[in-house]
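Visitor: one predicted model, sequence on top.
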Amino acid sequence: MTDPTTPSRSAAADPSVPAPTGRRRRPSRRQLRLAFTALTVVTEVLMLRRRGYGLGGDVVVRCRRGHLYTTLWFPGASVTSVRLGWWRIQYCPVGRHVSLVTPVDTADLDAVDRQAATDVHDLRLP
Ligand SMILES: [Zn+2]
């Protein structure tokens, strides 16, 4: 009961479709972790550049309570904070508490805030 004019539903039966030569491998957990790490580092670099920083170094950050201070920030590396992509959880030396911090574009700060931010530097560890 097969109609020779009806195309076959199976690609394997279609002679114009090449037979698969090999199985496509799923990425390993290690490869996925590497890709995720690379993506987060690239995102961090791009966000830092948008705020006028290079590849890191001394960066002015603001905690959730609004305190400003300077910290060492290197994309993908930190021993004094918990990295959450663009955000970090670290100790705020101004309010003496642990908080979520984000980098601040110093061009958006007035002279008083900029001076206050550069006067306070947390540990000299990234
Ligand atoms: Zn604070």
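Guide: Structure received.
Visitor: from the chain's centroid, how far away is the worst-scoring helix or strand of the chain on mean pLDDT?
Guide: One helix or strand of the chain scores below all others by mean pLDDT, DSSP states H and E: strand 81-84, with a mean of 79. Centroid separation for strand 81-84 versus its chain: 11 Å, with C-alpha atoms, centre = their mean, to the nearest Å.
Visitor: next, the buried residues of the helix or strand following it.
Guide: Sequence-wise, the next helix or strand downstream of strand 81-84 (DSSP states H and E) is strand 87-92. Residues 88, 90-92 are the ones in strand 87-92 that count as buried (16 or more other C-beta atoms under 10 Å). Every C-beta, even on glycine, is put in place using the N, C-alpha and C of the backbone.
Visitor: which residue ranges form the strands in this protein?
Guide: Taking DSSP state E as the test, the strands found in the chain are 57-63, 68-73, 81-84, 87-92, 97-103.
Visitor: what about the chain, any weak spots by pLDDT?
Guide: Residue ranges of the chain with pLDDT under 70: 1-22, 125-126.
Visitor: list the buried residues of the longest helix belonging to it.
Guide: The residue-count maximum for a helix in the chain (DSSP state H) belongs to helix 29-50. Judged by neighbour count (16+ other C-beta under 10 Å), helix 29-50 contains these buried residues: 40-41, 44-45, 48.
Visitor: now do stretch 103-123
Guide: Here stretch 103-123 shows 103-104, 106, 109, 113-114, 116-117, 122 as buried, counting by 16+ other C-beta under 10 Å.
Visitor: related to what we said a few turns ago, could you list the residues in contact with the least confident helix or strand of the chain?
Guide: Contacts to strand 81-84, defined as C-beta atoms under 8 Å, 6 or more residues apart in numbering, come from residues 40, 76, 88-90, 100-101.
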